[in-house]
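Undergrad: Got a predicted structure plus its sequence, pasted below:
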Amino acid sequence: MSKEFTDKHVLMVRDLNVRFYTYAGVVHAVSDVSFDVYRNEIVALVGETGSGKTMSTRAITRLIEAPGRIESGLVLFRRRNGSVVNLMKLSDEEIRRIRGDEIAYIFQDPSSALDPLYTIGHHIVETILDHKRVIKRIARETAIKVLKETAIPNPEIRVKSYPHELSGGMRQRSVISMSLVNSPILLIADEPTTNLDVTIQAQILDLLKDLVKKSNMSVILVTHNLGVVAETADRVYVMYAGNIVESAEIQELFEKPLHPYTQMLLRSVPNPLKKIEKLESIPGTVPTLINPPPGCRFHPRCPFAMEICRREKPPLIEAEKNHYVACWLYAKR
Amino acid sequence: MRDAVYNLLSKSIDLYVALRDKIDPQWSMRNASRIEEWRLMAYAFSRSYIGLLGGLIVFVTIVTAVIGPIIAPQPYWVYPVIENESLRYLPPCIPPICSGGPLLGTDEWGRDLLSMILYGVRISFVISVVIVLLGVPIGILLGLVAGYRGGLVDESIMRLTDMFLAFPGLILAIAFASVMPQRIRDILEASPPLRDFLSAIFGLRPQEYGQLAALISVWVAMVIVWWPGYARIVRGTVLSVREQPFVEAAKLLGLSTSKILYRHILPNIISPIIVMMTFDLATATLAAAALSFLGLGPQEPVPELGYLISKAGQFFPEKSLHVVAIVGSILLIIALGWNLLGDALRDVLDPKTRRSLEFRRRG
Amino acid sequence: MKLIETRDLRVYFRVRGSLTKKVRALDGVNISIENEETFGVVGESGSGKTTLGKTVLGLIKPTKGSVYFEGKDIWRMNKREYREFRRNAQMVFQDPHTSLNPRMTIAEILSEPLRELRIDVGDIGKFLVDQLESVGLGKEFLYRYPHELSGGQKQRVAILRAIMTKPKFIVLDEPTSSLDVSVQAQILELLKDLQRKHRLTYMFISHDISVVKYMSNRIAVMYLGEVIEIADSEELFEKPLHPYTKILISSIPIPDPAVARSKVRLKPIGEPPSPINPPPGCRFHPRCPFAMEICRREKPPLIEAEKNHYVACWLYMNK
């Protein structure tokens, strides 16, 4: 992948490595991960447990705590004022200013972001006042406005509600409001709908797509749900055991998956519109991330594994236009 | 030192396993994971300084309690002060500064303080252990029933618990102290074997059965106020465990309530109970001493640690500073030992903290 | 004779701290399950699907109405009949991490059903090893603790435990929701295998409609404690009748971008209601895009709108 930060770029991550130093050994949570996020798009990071997708997004704004450590990596980000900075090299104070303002997060469990002792309005106002100097009245009006944008009915009343008075879907929308209130350039949504009912999930995904279209925002969507990806994302990165194994535009990935893991993953998900005789499962289990052996991380479960897969880790190469894959089936040796 | 303790514990485990295997050859294979867990607990314990220190103190306490009355140089029923007034409250005489005198000084009646302490530790230890061993099962039983059954049963048991908790243990002890000793004394008079047995446990002569009666009445008062705490805690933990799916799975097998409580709920709540018991041993030791200090327990010649301090209060601090300081410190150390042990046990018995150590051992 | 039948099943829970307020978890459910079929139950949170599963197994006592197993009311069985029922009706729970007693070894967990329900299998040790191997677990798992197993392995043990007693009927409550996608496929295939081999009847409860459709012959859709539509799986997807079912199906994320982008999404109006104060008349009417006057006043009964396709909706009443 090139290291050129173009006009279209919002975020560029190259060779990111995150390790956890535990009693068990060194956990290689994220290994040489590289990806791009462009303007006005939704990028999905897809993977199962241990794929490293959550850790990668946390590492972007250095939200990794001991015993975890960001070993290396380049993370270029285009700030609101147009300047391009390496987030890994900023001071703690500067990164703190960016978090919540220019880069916002929403997580899986909305309850963990909401303090039960304070109203929704209070949460949003606080987020505003943390990053801007405005008078409280203006902040409160902004809060009501942003609640309206996330399709919460009766926002003037809801702004005075406590978290426990709201349903799960409304809580998640409140958290989204909190993240949006400062008009972030990049929104990182980590499994934002996993715990929600499917009808609410649909509403929230529609909301995210709307927001990206209306405002100048990009979204990194972290999920394990391929249906959600198909409905929402423009481009996809597939991760396995801390590595990116494939990336492509959404249509291309589903029509022509190259990596064996992607292929098997797509065949193991029941598509209700098709009549399926048997779901294909991937034999074996996700490998341990501690002291990983050499070679491709997927080879023990891969039906096409070759000798070289055992010895050397395949590089991420551009197999087709804008379609990258890390697999010896496609890389020349 | 840590490795020595671990080796000792590990060898004990091996011994136990060998014994079980003799009785039932497949036992160690069927329980391999369980045995591994014990080894892990031993390892976790040996790595904690608090645990080792607490363990050491508790070990010394127990040894002292067991052999104290046997090795005490001076008997407690002799009052040297009758013969020689000047023997009262002699200060400690520790070589090489001083020589020829009593090591820790003497008490109100000129008795060697060291010997009195050796007797006293036995009394304190036995009373604290019995209080906890009697109060806990009652509390556990009531807590199990209340937590599992819920509804009216739960409410009534909890109100009962509330009543006992609200009851001031001190008042109860005072009330008991005025009425019970006579009754108990009559019982002990009527039954010499009982009298001899109880005296032996406490390291006393059967002649002191009058004072023994006072000791027992303190003990009964304390057991009565001791169980409610456990009932509450057990009920709380049972409430959280009984909602777990594996309990519902057990119901699907048609298991009776008692089987579910015994096989599924109890093993999952035992750890906090063990920890609480350890802490309680410290509390019981001090509480019993406090009641004796107030004069509600045994009087002379029984050298109960709290009573010794109480008597020394009259001449404090000019003459009896050493008694108060030394005996007070002994009580403090005993209580500290149990507390430290309890702290370490809490970490050792918690599977999450244990598991992080597991990796370190394997890796 | 149906294997399982419910008649006007109602389960009300009292709201804590209130003497009068009730949560109507199940409000008049009538379903029947045939031998050797997989009966799917879908619904969102508050629909009552888990309550239905537990009530059908006798874990919850109905406030009103009855549950019949092979024609007998399970709450009126004598001791012998009830033991038979217990042997024949088991459950696999959602979270494998809490459905196995953490203080028992796998061997103990699996042998408990055999002991308690007095099932003779000869050499228990050998039997257990065979059983473990049949679900792809080696014999080294026999004496391990649950925490030493992965989520998928634990769920396999949970499934084994459920079939230990050679039951006729198993309720599967979100058996794969806590598992990774690749493991989910393994477990679903295992469940299908076991069903064929042991001629089992399943009640498959899930909020993931794609999975329910894959596993089930017939599906019941629940909303706020009531069954609002029952049909064969294919039929339900091709021709959903109830507006809620239509909304539900159009909300499912389809793992196919071409379809996903082109489909029209039907949206419900407003927010999910509270199960304590359900709306009068048809429970769904406040959120229904097709609500009529009668929907506000009267609750529609469940009628057979098409062959073997039942729906509770005034739109289909003229039959």
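TA: Looks like it came in fine.
Undergrad: ok but residue A:14 is inside a helix, no?
TA: No: under DSSP: H, G, I helix; E, B strand; the rest coil, residue A:14 falls outside any helix and is assigned strand.
Undergrad: In terms of pLDDT, where does it sit?
TA: In this model, residue A:14 is scored at 93, pLDDT.
Undergrad: in what helix or strand does residue 123 lie?
TA: In the absence of a named chain, chain A is used. helix A:120-131 (DSSP states H and E).
Undergrad: could you do chain B instead?
TA: Once you assign secondary structure using DSSP H and E, residue B:123 falls within helix B:113-149.
Undergrad: Kindly report the same for residue A:40.
TA: Applying DSSP H and E, one finds residue A:40 in no helix or strand.
Undergrad: again, but for the one 5 residues further on
TA: Residue A:45 belongs to strand A:42-46 when elements are defined using DSSP H and E.
Undergrad: What is the three-state secondary structure of the residue most central in space within chain A?
TA: Among the residues of chain A, the one closest to the centroid is residue A:222, at 3.3 Å (C-alpha atoms, centre = their mean). For residue A:222, the assignment made with three-state DSSP gives strand.
Undergrad: Is the helix holding residue A:123 in proximity to chain C?
TA: No: contact of helix A:120-131 with chain C (C-beta under 8 Å from any C-beta of the partner chain) is absent, the minimum separation being 14.6 Å. To be clear about C-beta, it is placed using only N, CA and C from the backbone, and glycine gets the same treatment.
Undergrad: which residues are contacting that helix?
TA: Identification of contacts with helix A:120-131 by C-beta atoms under 8 Å, 6 or more residues apart in numbering or on different chains yields A:97, A:100-101, A:114-115, A:134, A:136, A:139-140, A:142-144, A:146-147, A:158-163, A:166, A:174, A:177-179, A:181-182.
Undergrad: swap in stretch B:250-268?
TA: Contacts of stretch B:250-268 (C-beta under 8 Å, 6+ apart): B:140, B:144, B:148-149, B:237-238, B:241-242, B:246-247, C:57, C:59, C:82-83, C:86, C:89-91, C:101-104, C:112-113, C:116-117, C:165.
Undergrad: gap between the two ends of it?
TA: One end of stretch B:250-268 to the other measures 14 Å (C-alpha to C-alpha, to the nearest Å).
Undergrad: Show me what the helix or strand containing residue A:230 is packed against.
TA: Assigned by DSSP H and E, residue A:230 belongs to helix A:226-232. Other helices and strands packing on helix A:226-232, by 3 or more C-beta pairs under 8 Å, 6 or more residues apart in numbering or on different chains; DSSP states H and E, are strand A:42-46, helix A:198-214, strand A:218-223, helix A:250-255, helix C:257-262.
Undergrad: I'd like to know which of those is closest to chain B.
TA: Checking the helices and strands packed on helix A:226-232 against chain B by C-beta to the nearest C-beta gives helix A:198-214 as the closest, at 23.6 Å.
Undergrad: buried stuff in that closest one?
TA: A:198-209, A:211-212 (16 or more other C-beta atoms under 10 Å in any protein chain shown).
Undergrad: So which bits of stretch B:241-254 are buried?
TA: In stretch B:241-254, counting by 16+ other C-beta under 10 Å, buried: B:241-242, B:244-254.
Undergrad: quick one on the thing from earlier: tell me which residues of the helix or strand following the helix holding residue A:123 are tucked away?
TA: Next helix or strand after helix A:120-131 toward the C-terminus (DSSP H and E): helix A:136-149. Within helix A:136-149, the residues that qualify as buried by neighbour count (16+ other C-beta under 10 Å) are A:139-140, A:142-144, A:146-147, A:149.
Undergrad: Could you pull out the helices in the stretch 151-300 of chain A for me?
TA: A:155-158, A:168-180, A:198-214, A:226-232, A:250-255, A:260-267 (DSSP state H, counting those that start in this stretch).
Undergrad: ok, now the stretch 51-200 of chain C?
TA: With DSSP H, counting those that start in this stretch as the criterion, the stretch 51-200 of chain C has helices spanning C:79-88, C:106-116, C:124-134, C:151-163, C:181-198.
Undergrad: which residues touch the third one?
TA: It refers to helix C:124-134. Taking C-beta under 8 Å, 6+ apart as the rule, helix C:124-134 contacts C:106-107, C:110-111, C:114, C:121, C:138-139, C:141-142, C:160, C:164.
Undergrad: Highest neighbour count among those residues?
TA: residue C:106 (26 neighbours; other C-beta atoms under 10 Å in any protein chain shown).
Undergrad: residue contacts, that one?
TA: C:132, C:141-146, C:149, C:157.
Undergrad: Kindly tell me how buried the residue in the stretch 51-200 of chain B positioned nearest to chain A is, as a neighbour count.
TA: Using C-beta to the nearest C-beta, residue B:51 is the residue of the stretch 51-200 of chain B that sits closest to chain A, at 18.2 Å. Neighbourhood size, residue B:51 [other C-beta under 10 Å]: 23.
Undergrad: looking at it, it is touching residue B:349, isn't it?
TA: No: between residue B:51 and residue B:349 there is no contact under C-beta atoms under 8 Å: 11.3 Å.
Undergrad: Determine how far the last residue of stretch A:193-200 lies from the first.
TA: End-to-end for stretch A:193-200, by C-alpha to C-alpha: 8 Å.
Undergrad: hmm, who's touching that stretch?
TA: A:108-109, A:167-169, A:172, A:201, A:204-205, A:223-225, A:228, C:44-45, C:207-209, C:247-248, C:251-253, C:268, C:272.
Undergrad: List buried residues within these.
TA: A:108-109, A:167-169, A:172, A:201, A:204-205, A:223-225, A:228, C:44-45, C:207-209, C:247-248, C:251-253, C:268, C:272.
Undergrad: Quick check: pLDDT value at residue 41.
TA: Defaulting to chain A. According to the model, residue A:41 scores 93 on pLDDT.
Undergrad: Hmm, no, I was thinking of chain C.
TA: At residue C:41, pLDDT is 96.
Undergrad: Quick check: residue B:326 is in a helix.
TA: Yes: membership of residue B:326 in a helix is supported by three-state DSSP.
Undergrad: Okay, it and residue B:115: tell me how far apart.
TA: 13 Å (C-beta to C-beta, to the nearest Å).
Undergrad: more neighbours, the two?
TA: It is residue B:115, of residue B:326 and residue B:115, that has more neighbours when counted by other C-beta under 10 Å, with 23 against 19.
Undergrad: if I read this right, the more buried one contacts residue B:72, doesn't it?
TA: Yes: counting by C-beta under 8 Å, residue B:72 is a contact partner of residue B:115 at 4.0 Å.
Undergrad: and the helix holding residue A:123 with helix A:136-149, angle?
TA: Per axes from the mean of the first three to the mean of the last three C-alpha atoms, to 10 degrees, the angle that helix A:120-131 makes with helix A:136-149 is 120 degrees.
Undergrad: Could you list the buried residues of helix A:120-131?
TA: Going by 16+ other C-beta under 10 Å, helix A:120-131 has these buried residues: A:120-128, A:131.
Undergrad: And stretch C:223-235, by the same measure?
TA: C:223-231, C:233, C:235.
Undergrad: Same list (those) but as JSON lines, adding pLDDT and distance to chain A.
TA: Converted to JSON lines, the buried residues of stretch C:223-235 look like this (pLDDT from 0 to 100; distance: C-beta to the nearest C-beta, whole Å):
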{"residue": "C:223", "pLDDT": "93", "distance to chain A": "11"}
{"residue": "C:224", "pLDDT": "91", "distance to chain A": "12"}
{"residue": "C:225", "pLDDT": "91", "distance to chain A": "15"}
{"residue": "C:226", "pLDDT": "93", "distance to chain A": "17"}
{"residue": "C:227", "pLDDT": "95", "distance to chain A": "18"}
{"residue": "C:228", "pLDDT": "94", "distance to chain A": "14"}
{"residue": "C:229", "pLDDT": "95", "distance to chain A": "15"}
{"residue": "C:230", "pLDDT": "96", "distance to chain A": "17"}
{"residue": "C:231", "pLDDT": "95", "distance to chain A": "14"}
{"residue": "C:233", "pLDDT": "92", "distance to chain A": "9"}
{"residue": "C:235", "pLDDT": "92", "distance to chain A": "13"}
